[in-house]
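Visitor: The amino acid sequence is not available; the structure is as follows:
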Ligand code: 26Q
């Protein structure tokens, strides 16, 4: 008989540390729980060795904290909390433990959601990635409001979940030296302990080079690639990951019949170098090149996550030749084969399909030529791929293309982060809605039940109060939970248009200050997100928001009416606090630029309405929850294209007083010194491709629609009903649905 849980923990504490739980340090307590989780997983039933598996290759995994999510999925979270309370300890003592942040944003978070969903749905999917020495940098703000980056030394409190597999190291060879790939395995625990998959992250050690050469390879996520050496390092990282992972896979399954044993999903182009590397490994085992190429075509599938031309990766041929010559040789042979095969076909746009051209290797073309499947991540995005970005491939291989609309795991984004709402939904829907998420639709039956809407509002209020408390502690800013919360949290990027968000706040500020729109409710604007350290404009936007916040928050004339806060170091854990407290989710990307978005789905599931453009998955959110329950503004896809040609932002600025007034706050000293934000001002009005993301074209409609949303908020019942409609329609956006689609239509079809 297994020992009762409390006993087990006590015994393990004695065995491991020679003392009772009461006197463990926080790091020891963390280690104890990690050891308990891992032991429990090791004793769990093993996976069926004969079943075909899928592998996810990704340069990013944006996991967040594993402590609570692992215990939660094991069904042990509440019990652990209780057992610790009994000995005078608490899980909240471990609140300062760092997130696992091996990612930047959406693409890495999606990978983490997929792993959780696959394990929870008994889908055999393992992840492969890099165990970066430092995660995504930690962000702080200097006194002038600008972003400062600090290394995220996430291992200071240890890593009790990672299991080093010294016996499964492999060697990765570059032209100039070889390194050793050292795997660390993380159990990925399915909900109710249904199944356990593995996330394998590699560290790098020296074989015949300086330790420092090896250390660099896994040191940082996306090292600065402005120099040749920087680019080379990024290439080494990518190759290091895929070569190690493929060697492991080939060792585990053998080459014979391998196409029926494994399918590999490539998360964007970053791991696409795996295609020639697999062929390389096959050829070394005496397979014909052509057989190896056709085998690769059966094993790999490719997901595209972006339409931005600058994010479609290209590698300099010379760089490849210098760094991984055998692999470059194989790419040349694939290129020859592509030319040979495509020559015979009509309707082929040869220039666009070229794998090698202008001395560069086009990684998306390599992926599209070889992979069995190509998918976009939301309906609109997949249509854009077919019609524009990858139309040259769609013409040749229409059958390869499909859409897989993104999703999010309801375990982390509802169960863990919003327990109050989860409990309420379970009671109303009469089941565990974390398990039977489709049943969340039952909520729609209560759309005219005032009592239910009131209770939803009450839960939101409690979450808002909790967030206010947290923000007061972290940011030193006092917020009013009675005000309407507008939230924009995501990576800072021009295309995501945080400028629209802050211009809206400034617009309302000026209204209040000048006595217009008196009937509007009190408001709070919450921003969060990091800018890439080399991205000048994005960093200026952060500084602008911080400066505007400082002036507005301390302006006595609008006291109690409007507050703005930019949350420092926004990450997964911060998101888990912010999202359940949002009233209005701002999703402001220029139509045609945001592939999908996944934050939008998290907000929807937690009962915020979307104030957004008709972009990415916002469209599908509206289709499910009803256009009338969300606030859509701005140009539609066709309009963006037709207006872009002759777009003159300067003319808009000069002819529209509202636009001029808002844009002028960048340079007129309203929020700091004069000309302080001339860089942003010029990017909107004066540069060659001025206002590339058409902020000014959408600004007025945005203000109109946002004003309507704010006014509607005053009618608690009607607004609450919109929130209810969003929650009740959110089941489709569970990543359980998404991974099932990948499994059925790509991995195990
Ligand atoms: C490319 C070349 C050189 C250096 C860096 C990169 C690079 C790095 C990161 C390119 C892209 C990324 C990350 C992309 C990303 O996060 N995309 C997001 O993916 C989400 C999941 O599909 C979508 O929801 C978002 O819409 C999309 O922006």
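Guide: Yep, it's here. On a predicted model such as this, the values are computed, not experimentally measured, just so you know. Numbering: from 1, shown residues only.
Visitor: any residue of the helix or strand where residue 621 lies up close to the ligand?
Guide: Assigned by DSSP states H and E, residue 621 falls within helix 618-625. No - using Cβ under 6 Å from any ligand atom, helix 618-625 stays clear of the ligand, coming no nearer than 10.5 Å. In short, each C-beta sits where N, CA and C put it, glycine included.
Visitor: After that helix, heading C-terminal, what element do we hit next?
Guide: Downstream of helix 618-625, the next assigned helix or strand under DSSP H and E is strand 631-632.
Visitor: Who are the packing partners of that next one?
Guide: strand 609-612, helix 695-713 (3 or more Cβ pairs under 8 Å, 6 or more residues apart in numbering; DSSP states H and E).
Visitor: partner strands of it, parallel or antiparallel?
Guide: strand 609-612 (parallel) (DSSP bridges).
Visitor: May I see the buried residues of the partner strand?
Guide: 609, 610, 611, 612 (16 or more other Cβ atoms under 10 Å).
Visitor: and if you look at stretch 260-272?
Guide: Quick answer for stretch 260-272 (16+ other Cβ under 10 Å): 261, 262, 263, 264, 265, 266, 267, 268, 269, 270, 271, 272.
Visitor: Quick check, pLDDT for the spatially closest residue to residue 413 that is not a sequence neighbour.
Guide: Spatially, and ignoring its direct neighbours in sequence, residue 413 is nearest to residue 602 (4.8 Å; Cβ to Cβ, 6 or more residues apart in numbering). Note for residue 602: predicted pLDDT of 99.
Visitor: helix or strand for residue 602, which one?
Guide: Counting by DSSP H and E, residue 602 is part of helix 599-605.
Visitor: circling back to that earlier point, over the helix holding residue 621, what's the mean pLDDT, rounded is fine.
Guide: Taken as a whole, helix 618-625 has a mean pLDDT of 98.
Visitor: Spatially nearest residue to the residue most central in space within the chain (excluding sequence neighbours)?
Guide: In the chain, the centroid-proximal residue (Cα atoms, centre = their mean) is residue 106; its distance is 2.0 Å. Among residues not flanking residue 106 along the chain, residue 598 sits closest, at 5.4 Å (Cβ to Cβ, 6+ apart).
Visitor: Does the one you found touch residue 108 like I think?
Guide: No - contact criterion Cβ atoms under 8 Å: residue 598 and residue 108 do not qualify, at 10.6 Å.
Visitor: burial of the residue nearest to residue 106, as a residue count?
Guide: Residue 598 has 25 neighbours, counted by other Cβ atoms under 10 Å.
Visitor: How about the one 4 residues further on?
Guide: Look at residue 602: counted by other Cβ under 10 Å, it has 30 neighbours.
Visitor: who are the neighbours in contact with it?
Guide: 408, 413, 575, 579 (Cβ atoms under 8 Å, 6 or more residues apart in numbering).
Visitor: Tell me which helix or strand the third one sits in.
Guide: For residue 575, the element it lies in under DSSP H and E is helix 572-578.
Visitor: which other helices and strands contact that helix?
Guide: strand 61-64, helix 450-475, strand 484-489, strand 523-528.
Visitor: can you list contacts of that helix?
Guide: Contacts of helix 572-578 (Cβ under 8 Å, 6+ apart): 62-65, 99, 101, 109, 412-413, 416-417, 466-467, 470, 487, 489, 526, 528, 567, 570, 599, 602.
Visitor: Pull out the buried members of the residues you listed.
Guide: Buried among the contacts of helix 572-578 by 16+ other Cβ under 10 Å: 62-65, 99, 101, 109, 412-413, 416-417, 467, 487, 489, 526, 528, 567, 570, 599, 602.
Visitor: hang on, the earlier thing: what about the residue nearest to residue 413, distance to residue 727?
Guide: 12 Å (Cβ to Cβ, to the nearest Å).
Visitor: Is stretch 494-511 in proximity to the ligand?
Guide: No - between stretch 494-511 and the ligand, judged by Cβ under 6 Å from any ligand atom, nothing touches; the nearest distance is 8.4 Å.
Visitor: roughly how far out does that stretch sit from the chain middle?
Guide: 23 Å (Cα atoms, centre = their mean, to the nearest Å).
Visitor: before we move on, what about stretch 423-438?
Guide: So, by Cα atoms, centre = their mean, the centroid of stretch 423-438 is 26 Å from its chain's centroid.
Visitor: Figure out the length between the terminal residues of that stretch.
Guide: Start-to-end span of stretch 423-438 (Cα to Cα, to the nearest Å) is 16 Å.
Visitor: Kindly report the same for stretch 159-166.
Guide: Termini of stretch 159-166 sit 16 Å apart (Cα to Cα).
Visitor: quick thing: my sequence starts at 671, can you match it?
Guide: All right, first residue 671 from here; so that's stretch 829-836.
Visitor: can you give me the mean pLDDT across that stretch?
Guide: On average, stretch 829-836 scores 98.
Visitor: For that stretch, buried residues please.
Guide: 829, 830, 831, 832, 833.
Visitor: what's the answer for stretch 717-726, then?
Guide: For stretch 717-726, by 16+ other Cβ under 10 Å, it's 723, 724, 725, 726.
Visitor: What's opposite the last one in the beta bridge?
Guide: Right, residue 726. Bridge pairing for residue 726 - DSSP bridges - gives residue 797, residue 935.
Visitor: now it: how far from residue 1040?
Guide: The gap separating residue 726 from residue 1040 is 18 Å, by Cβ to Cβ.
Visitor: Also residue 1179?
Guide: Taking Cβ to Cβ, one finds residue 1179 at 54 Å from residue 1040.
Visitor: With residue 699 instead?
Guide: 49 Å.
Visitor: more neighbours, these two?
Guide: Neighbour comparison, residue 699 and residue 1040: the larger count goes to residue 1040, with 24 against 21 (by other Cβ under 10 Å).
Visitor: List the residues that contact the more buried one.
Guide: 945, 963, 966, 967, 970, 1004.
Visitor: ok now do residue 1389, which residues does it touch?
Guide: 1253, 1279, 1382, 1383.
Visitor: relative orientation of the helix or strand where it lies and helix 1120-1145 in degrees?
Guide: Assigned by DSSP H and E, residue 1389 belongs to helix 1386-1398. Angle between the axes of helix 1386-1398 and helix 1120-1145 is 80 degrees (criterion: axes from the mean of the first three to the mean of the last three Cα atoms, to 10 degrees).
Visitor: I'd like the distance between residue 1168 and residue 1200.
Guide: In terms of Cβ to Cβ, residue 1168 sits 12 Å off from residue 1200.
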